[in-house]
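# generate coordinates for the sequence data below:
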Amino acid sequence: MPRRIQRPRSAADIARSEGLDLGDLAPTPRTKRRYTPRPASRSALRVVMDGLVEAGCTRQEAAELAPQWLEAEPSPQGVRCWTDALGVRQPRVAAQLRLHGMCADDLDVHIDGTTARQRLRNGESVGQVVASLLALRRPPT
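Okay, here's the model as predicted:
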């Protein structure tokens, strides 16, 4: 019966069998993994849905909005803060603000006599509000 060829167990085994010295080679750099958000747990989804229903959403609307809110803010407590600040139907605005390093408390900051929250509710774009908030954070020169 013919002998079955064994597969090498590692790169070192291959190098040894080929007569190569790999000691001089630099280790290959590891590639960073891309961040992929974990799907929300059922309990977190249920808590957020119940909170949205309490805030005035229908059950169906809460079922559609809850996953969007959990993408924008992973914790149910954080979702509650954002919904109190923005309203229940603004998960994308919250996601954009978080992307720029803002938190729900930043919406209470006054920009030329008007809070950031009121500017967003008046239809000002998220980018303009973020730019104004960042300009206020910048130290004067």
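# tell me the pLDDT at G23?
G23 carries a pLDDT value of 67.
# now do the helices in this protein.
For the chain, helices defined by DSSP state H occupy the ranges 11-18, 42-54, 59-72, 76-86, 91-99, 116-121, 126-137.
# so what's the residue count around the closest residue to R121 other than its chain neighbours?
Spatially, and ignoring its direct neighbours in sequence, R121 is nearest to G87 (7.9 Å; Cβ to Cβ, 6 or more residues apart in numbering). C-beta: built from backbone N, CA, C; applies to glycine. By the criterion of other Cβ atoms under 10 Å, G87 has 15 neighbours.
# also I111?
Around I111 there are 17 other residues, counting by other Cβ under 10 Å.
# quick one, what contacts it?
Shown in contact with I111 (Cβ atoms under 8 Å, 6 or more residues apart in numbering): R119, V129, S132, L133, L136.
# filter those residues down to the buried ones and hand me the PyMOL line.
Entered in PyMOL, the line below selects the buried ones among the contacts of I111, by 16 or more other Cβ atoms under 10 Å:
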select buried, resi 119+129+132+133
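# can you tell me which two in the contacts of I111 are farthest apart?
R119 and L136 (12.5 Å; Cβ to Cβ).
# got JSON lines for the helices of the chain, with distance to I5 too?
Compiled in JSON lines, the helices of the chain are given as follows (distance: least, Cβ to Cβ, whole Å):
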{"stretch": "helix 11-18", "distance to I5": "11"}
{"stretch": "helix 42-54", "distance to I5": "49"}
{"stretch": "helix 59-72", "distance to I5": "50"}
{"stretch": "helix 76-86", "distance to I5": "56"}
{"stretch": "helix 91-99", "distance to I5": "53"}
{"stretch": "helix 116-121", "distance to I5": "67"}
{"stretch": "helix 126-137", "distance to I5": "62"}
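# all good on my end, thank you.
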